[in-house]
Structures are given as structure tokens and as C-alpha cells.
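Student: Need coordinates for the below:
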Amino acid sequence: MGSPTTQPARVVFDTGSEYLAITSVLCDDETAGNYKFKKYDPLSGGFVQRDQTHKRCKTMAYDMHKSESNKILSKASSKLTYGSAKLQGFIWQDYTCIQPLKSQEKVSPDQLKVDLKNNKCAFFQFLALYKSQGLGHDSDGILGLSPHKDMKKKKLHYLWSLKDNQIIDRAMVSFSITSREMGETPYALFGGYNSTQIVGGAEGLKTFKNFENWLGTWALEGQGMYYGGKAMQKPGEDTSYPAIIDTGSSQLSIPPDVFEKIRQEWAQALPNLDCTSDKTFCHVKESCEDIAPKVKPVGFQMSDYVFEINPE
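Tutor: All right, here's what the predicted structure looks like:
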């Protein structure tokens, strides 16, 4: 973030949201400098000084005072709410780079332009946070990669910003998600995809039509669910749900009525099943090795394809 010297930020690549939000020095009134924003007090009907003087974020990744290209675009704060995180900040504009700028001293404007292009930098609008709740310990923010609901706000979308700045040819991103046990390194590829990781190469790539939904995000059509081949939600009979592919979360979430049908199936196989301690999950105090042979595969039918998860 910033120029002529960039500041690193660790972000969650989130296909379930749209904006880039980064913790900043605004989180601490002492280092916020001139940007000591007031808050609206409904009791007095006016703006008052904030009474908090401590840090409101675990990190402060972006310091606009250290960037010569920073620009504030709005003095009205914006709020983003996720399943586990609540973020508040102000819309800022600055260079956002995929690779860090190496400039340690004053450089000429022409040289800076070259450096910005070489290091994949785009002049980009994002949310400089003054308050963050629920961000992970290793995270400075969230990079939303979901297509925008409102095309007028295309400037706030990172992929379109990279394309408009001629850094990538196509506004797309692909992921290779692996674990250390597999001996491979996970990565994100902006502007394309690695055909060697697709069965059948580029010819084996399947495309799915976006399933329009009230949330306004991109999704597959969640047509049905199966338990051991038995339909829990029948395609064509029961209502389809948006199946949102969300890289920002690590859980599978299904409709309550479908979950209840699967819970009943589990209860028959597992007498010690506990579904009351936690409303969202059922669990047993036995090892996975003992439980796996007693339960059946769960299948998801999305956009006419069935993806099955084995008990193991």
C-alpha cells in the first residue's frame, strides 16, 4: 500500500465480499494525525469527539502519513459486516501493489511510474479502517473478490482496477489451495488460471452460469442434498438455494430444514449424538475413526453436478 515506499498488508482473499478493507493508523487516535474524526451522538443531535483513545484494531497496517500518493475520498464512515467480523472505516485512494516497491528514497516522477507498472500497482479505492472486530490474528484486512452488484462501483473492485490499469488482460482470479502435507505451495493467480492443474487441461474446464439471488452475490444453484444417495432436498421439487463459493470462510453452511433431515439420519446411527450444546453443529465424544464407518457420504448437487464428501 502507498508510494514511493510501500507498506505490506496481510489480507484474506474473500470471494464472498467485494471491497478491500485494511487496518490503518486511524485505529489509534494518537497516530491518526489530522484525521481525528468525530462520531455522531444521537442524544445531542450533533458530532462529538470520540472518547476512545486506545487502539481499536489488532494491527495498523496502512499509515497514510507515510505515503505521498494517499487521498481521502469521504469523511462519512462506511461499515462492513461479515459473519464473524465488523469493520468500520473511511474510503481512501492510494497505490495498491501486488509486489512491493523498493524505492527507499526520493525518485523522479518518471521513474516512479516505471516502478509502479513493474510492481503491478493500481491507484485504487479501499476502506482504511479505524475499527475492526473479528479479523483473524494474522490478518490486516480483507480483499473482496466477488463481482460487484453495482457496476457504478467498479472502481472499488480490485480485479477491475488491475484490468483498467492494464496489469492483467482479464478481470479474473484463480486459486490453488493446497496444504503442507501435499508438498505444494498454495497461490492465487490474477488474470488467468493454470491449465496444468485442471483434469483435461484447458479443455476440461467447466463453466457454470451465475445463479441470481436476493443476496446479490455470485453463486452456483444449490439444487439438492443427499445422504448416502438418499435425497434430503429433492432437485426440481424443493426450493433451490444460492450456493456461494466463499474463500473467506472454512465451513459448509446449509439451510436449517435440510440440516434437520440430515441430523435425524445421524441420530439413528449415533445414539450419543449431541445437537443441543451448539445450535449450529452436532458432535460426539468419540474418535473420527470409530464414527466414519457408521455414517454415510453427504452429496451436494450444484448446477447439475453432484459433489460428494466421504465420511472420512
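Student: Strands of the stretch 101-250 of the chain, residue ranges please.
Tutor: For the stretch 101-250 of the chain, applying DSSP state E, counting those that start in this stretch gives strands covering 121-133, 141-144, 173-176, 187-190, 220-227, 230-233, 241-243.
Student: what angle separates whatever helix or strand comes next after the last one from strand 220-227?
Tutor: By that I understand strand 241-243. Downstream of strand 241-243, the first helix or strand assigned by DSSP states H and E is helix 256-269. For helix 256-269 against strand 220-227, the angle by axes from the mean of the first three to the mean of the last three Cα atoms, to 10 degrees is 20 degrees.
Student: Pretty sure T276 sits in a helix.
Tutor: No: judged by DSSP: H, G, I helix; E, B strand; the rest coil, T276 forms no part of a helix; its state is coil.
Student: Can you give me the neighbour number for it?
Tutor: 7 (other Cβ atoms under 10 Å). Where you see a C-beta, it was placed from the backbone N, CA and C, and this is true even at glycine.
Student: Model confidence for it, exactly?
Tutor: With respect to pLDDT, T276 scores 91.
Student: Could I get the phi/psi values of it?
Tutor: The phi/psi pair for T276 (degrees, to the nearest 10) reads phi -110, psi -30.
Student: distance of it from V258?
Tutor: As judged by Cβ to Cβ, to the nearest Å, T276 and V258 stand 19 Å apart.
Student: same question, W214
Tutor: The separation that W214 has from V258, given Cβ to Cβ, amounts to 18 Å.
Student: the more surrounded of these two?
Tutor: V258 (17 against 6).
Student: Tell me who's in contact with the more buried one.
Tutor: Residues near V258 by Cβ atoms under 8 Å, 6 or more residues apart in numbering: M225, M232, Q233.
Student: Sort out which one of those residues lies nearest E286 for me.
Tutor: Ranked by distance to E286 (Cβ to Cβ), the contacts of V258 are led by M232 at 23.6 Å.
Student: Kindly tell me how buried that closest one is, as a neighbour count.
Tutor: 22.
Student: Also G191?
Tutor: Counted with other Cβ under 10 Å, residues neighbouring G191 total 16.
Student: Check the contact between it and D169; I expect there is one.
Tutor: Yes: counting by Cβ atoms under 8 Å, D169 is a contact partner of G191 at 5.9 Å.
Student: separation between E203 and D169?
Tutor: Distance of E203 to D169, given as Cβ to Cβ: 20 Å.
Student: do the same with Q264
Tutor: Here Q264 is placed at a distance of 51 Å from D169 (Cβ to Cβ).
Student: Low-confidence stretches in the stretch 201-312 of the chain?
Tutor: For the stretch 201-312 of the chain, no stretch is flagged by pLDDT under 70.
Student: repeat that with 90
Tutor: For the stretch 201-312 of the chain, applying pLDDT under 90 flags the ranges 204-210, 212-218, 233-241, 244-258, 278-281, 303.
Student: coming back round to it: give the residues shared as contacts by G191 and D169.
Tutor: Common contacts of G191 and D169 (Cβ under 8 Å, 6+ apart): K163.
Student: burial of the closest residue to G228 other than its chain neighbours, as a residue count?
Tutor: Distances taken as Cβ to Cβ, 6 or more residues apart in numbering place K296 nearest to G228, at 3.0 Å, with adjacent residues excluded. Residues lying near K296 (other Cβ under 10 Å) number 16.
Student: so where does K296 fall, helix or strand?
Tutor: K296 belongs to no helix or strand, assigned by DSSP H and E.
Student: all helices of this structure, in order?
Tutor: Using DSSP state H, the helices found in the chain span residues 109-118, 158-164, 256-269, 288-291.
Student: tell me which strands and helices the last one is in contact with?
Tutor: Helices and strands in packing contact with helix 288-291 are not found; criterion 3 or more Cβ pairs under 8 Å, 6 or more residues apart in numbering; DSSP states H and E.
Student: ok, residues contacting it?
Tutor: If you take Cβ under 8 Å, 6+ apart as the criterion, helix 288-291 is touched by L270, V284, P311, E312.
Student: so the last one makes contact with A292?
Tutor: I take that to be E312. Yes: shown here, E312 and A292 form a contact pair, counting by Cβ under 8 Å, at 5.1 Å.
Student: quick revisit: adding neighbour count and distance to P8, write the contacts of helix 288-291 out as JSON lines.
Tutor: Converted to JSON lines, these look like this (neighbours: other Cβ atoms under 10 Å; distance: Cβ to Cβ, whole Å):
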{"residue": "L270", "neighbour count": "16", "distance to P8": "47"}
{"residue": "V284", "neighbour count": "15", "distance to P8": "43"}
{"residue": "P311", "neighbour count": "13", "distance to P8": "41"}
{"residue": "E312", "neighbour count": "9", "distance to P8": "39"}
